[in-house]
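K.L.:
The following comprises the amino acid sequence and a computationally predicted model.
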Amino acid sequence: MGDTLINKLTAGTQFTKIKDSGSSKFYTFSLNTSRAVVTYIPTQRKSGGSEFSLENIRELQAGHVSKAARSKKNKIAQDQCFSIIFNDGHKTLDLAALNSEDAKTWINGLRLAKKRSIQLDVPDLQDRWLRRCFDDAHSSKDHYLFEECRDLLQKIGVSTDTHFLEKIFMAIVQRNQGPLYENTAVSTLNAAEFVQLYRTVTSRDDLLNLFVKYAGGDDFWMASEFQQFMHEEQKRFELREEWCDTVVGKYEPIPECKKKRVLSYDGFFRFMHGTNGLLINPYHRHKVNQDMTLPLNHYFIAASHNTYLDQDQLSGPCSTSRYANVLRQGCRFIEVDVWNGDDGEPIVYNGYTHTEPVLFTDVIRTINKHAFVTSEYPVVLSIENHCSIRQQKIIREHLNSLLKDKLYIIPLHRNQITIPSPNDLKGKILVKGRRLQTFSEEGEVSDDDEAAEMENVKIPEIKKKLEKQKQIKKRKVELSLELSDVAVLCQSVTFKSLDHSKKEGKFCHIPSISEKKAAELGSTAGQQFVEHNKRFLTRIYPGGWRTDSSNPDPILFWNLGCSIVCMNYQSPGEYLDVNTAKFLQNGQCGYVLKPLFLRKGNMRFNPDTPGTQHSCKCTIKVISGQFLPASQKELDSLEPIVNVTLYDVNKRTSLETNVGNMETQGVFAYWHHNMNFDLVIPELSILRFTLYNKKTMTSANDHIAQYALPFKSLQLGYHHISMLTPAGDDLIPASLFVHVKISPD
């Protein structure tokens, strides 16, 4: 097939050069394989033509690429046109064939001829590149210790498990040194042995088979073959050869291959472990890509509950570091419960409990320092006030002196009917709190005493305080004008009913609803609750029985359009994983735009009857796992299972693989297991991958690794998943390798 193509190009073909003027002139193009050039002369002449080298071709594009080809003056069918783009980036040769078959033949033939003209012995070049890296790392040494080999691998872009690497290292030492190994106090590798180490560590049948599929029998990819892989497998149809060229420049480690603009398996290996090789779309994760000019209540907002707590709700220390942690994770809604301090300085802790307080000033200093490190978008500071008038004035003084111009205190306009957008409020801290309804220096407002709602408390002293507090009905507290005035855009109000909010509610009101009450509203008045949440920033907080700081299922409330679902960030687990996944999108800025049907007044949506207009099917193939997290003792008996859970708008589907086949020193597993999912509302769905050891698994909480992400942020095709610990920490280099396909329902 390849020779037939080349022979056709050698014989010569007639083309028209496309010009802006619409004039046409015929040329005969032919390939000279011995000189690796293409010559072209006017068809009516036998000599005096021009030529260009195959090496000078950067890219070949089919169709109406140029403005001239698209011009009405040149009425040429798209499948008869193609463009040759040269290396300088400015010169382009636009051609039209007499028929589509000639155009296709020359595009494919030139790509093949260009590849054949490149003389590269990639295995030899790889060997020489690795030896140069080895020599350059320590010019005075010809043998490296294990630690030096490990560091050199990391330097050239290969991350691996230390225990696995040590096993391979020692196996090479024993195999190559034989009896000498027994008498050697310190084990080392020379350059040739380091090459063996590298090749063993990067050997992956699943990746190699993919690479070979598009390599056309060679050891490297041209940009066109790279593009073909990205189109056919990864479904990235928008990518051109120019993009592939750029990627080759970034990931190809062998200098000779990079110079020729080709990708070796080593470059492909690095690419598939880079950001474009990960399952989550890097554009979604690292760039703010949603419209940030809509009112705040059009977004889901990453929110923390009782942010100051490090442990449960009843005991243990309060911490300012918790504020730093959640803010740096992109959280944009944080809470403080402020009480009178004995020395006149307000303190923060969970009232009536044994939690150890911290100073309010220390909390505000921490917030000021970390508020906009990760995200420039506004932070809502929810103040649950339990202080005297005197200490309330001190609170306001601290807010002014520490936050300065970050503190939002601009009064509402007389005719204002919507809350500003995240863009409008960049770099601002909005205080959420009670607001006086009359113009006076102080007055009474309802008490936001959520601590008094705690249930099933076993500690007698705390239980007694809570029971006493619950006996006080409709308790009022004094509020100073100073603290009232700082709650401008986010005014705390008591939720009474959906009808009451519809009649009396203002755009700046934030009702707080317990998870139990919110779930009841969802089940009895789902559509009405959705309409309510289109108008207001509704805050949902964990039920009073969660004294262990466990988390509610946030998906139920997001599906109803609730903007602020408060989570206990100190408590890892399934629902915190889901919350983390939700806010991985939109550049992890802490704001995620709601779907149109959860923010447009003229669109009706009820999670109980969502319809099928958005539905689709998804097939996930779990192929393999690399450097699975287990101790050396566990690796010998590891029976890995992968569970994939889809959280959809009104259902949850969990599927799992069989036990994986362990290979290569017990750190690689292979499943090749297909899972099929039916989705109702992809825009609200989340996927969570969990890895278990069947031998030690007793419950769903016994997973050894996990990763969750929004369904809409999935990349199609073959990708890696960088696994995390159950607590959410990195497990580099532990990963899963999967294939994703999405089709209409």
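P.N.:
That came in fine, so what should we check first?

K.L.:
got any ranges where the stretch 151-300 of the chain has weak pLDDT?
P.N.:
178-185 (pLDDT under 70).

K.L.:
Can you show me the strands along it?
P.N.:
In the stretch 151-300 of the chain, the segments counted as strands under DSSP state E, counting those that start in this stretch are 220-221, 263-264, 299-304.

K.L.:
Also the stretch 1-150 of the chain?
P.N.:
Under DSSP E, counting those that start in this stretch, the stretch 1-150 of the chain gives strands at 13-17, 26-32, 37-42, 50-53, 57-62, 81-86, 92-97.

K.L.:
closest one to Ala371 among those?
P.N.:
Counting by C-beta to C-beta, Ala371 lies closest to strand 57-62 out of those; the figure is 46.0 Å. Quick note: C-beta positions are derived from backbone N, CA and C, even for glycine.

K.L.:
now the angle between strand 81-86 and that closest one, please.
P.N.:
Here strand 57-62 runs at an angle of 170 degrees relative to strand 81-86 (axes from the mean of the first three to the mean of the last three C-alpha atoms, to 10 degrees).

K.L.:
what sits up against strand 57-62?
P.N.:
With contact meaning C-beta atoms under 8 Å, 6 or more residues apart in numbering, strand 57-62 is reached by 79, 81-87, 89, 103-104, 107, 110-111, 114, 223-224, 240-242, 245, 261.

K.L.:
same thing but at 6 Å, please
P.N.:
Residues outside strand 57-62 that contact it (C-beta atoms under 6 Å, 6 or more residues apart in numbering): 82-87, 107, 110, 114, 241-242.

K.L.:
which of those residues are buried?
P.N.:
Among these, the ones that count as buried by 16 or more other C-beta atoms under 10 Å are 82-85, 107, 110, 114, 241.

K.L.:
quick one: which two of these are the most distant?
P.N.:
Every pair in these was compared (C-beta to C-beta); the two farthest apart turn out to be Ser83 and Lys114, at 15.2 Å.

K.L.:
returning to that earlier point: export the buried ones among the contacts of strand 57-62 as JSON lines, with columns for distance to Asn415.
P.N.:
Converted to JSON lines, those look like this (distance: C-beta to C-beta, whole Å):
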{"residue": "Phe82", "distance to Asn415": "59"}
{"residue": "Ser83", "distance to Asn415": "56"}
{"residue": "Ile84", "distance to Asn415": "61"}
{"residue": "Ile85", "distance to Asn415": "56"}
{"residue": "Ile107", "distance to Asn415": "62"}
{"residue": "Leu110", "distance to Asn415": "66"}
{"residue": "Lys114", "distance to Asn415": "66"}
{"residue": "Glu241", "distance to Asn415": "55"}
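
K.L.:
What is the nearest of the residues you listed to Ser30?
P.N.:
Proximity of those to Ser30 (C-beta to C-beta) peaks at Leu110, which lies at 11.7 Å.

K.L.:
From Asn551, how far out is that closest one?
P.N.:
59 Å (C-beta to C-beta, to the nearest Å).

K.L.:
Any regions of the stretch 451-600 of the chain where pLDDT drops low?
P.N.:
Scanning the stretch 451-600 of the chain for pLDDT under 70 picks out 451-475.

K.L.:
redo that, cut-off 50
P.N.:
Scanning the stretch 451-600 of the chain with the threshold set as pLDDT under 50 gives 473.

K.L.:
in it, which spans are helices?
P.N.:
Using DSSP state H, counting those that start in this stretch, the helices found in the stretch 451-600 of the chain span residues 460-470, 481-485, 498-504, 515-524, 526-535, 554-558, 574-582.

K.L.:
Great, nothing more from me.
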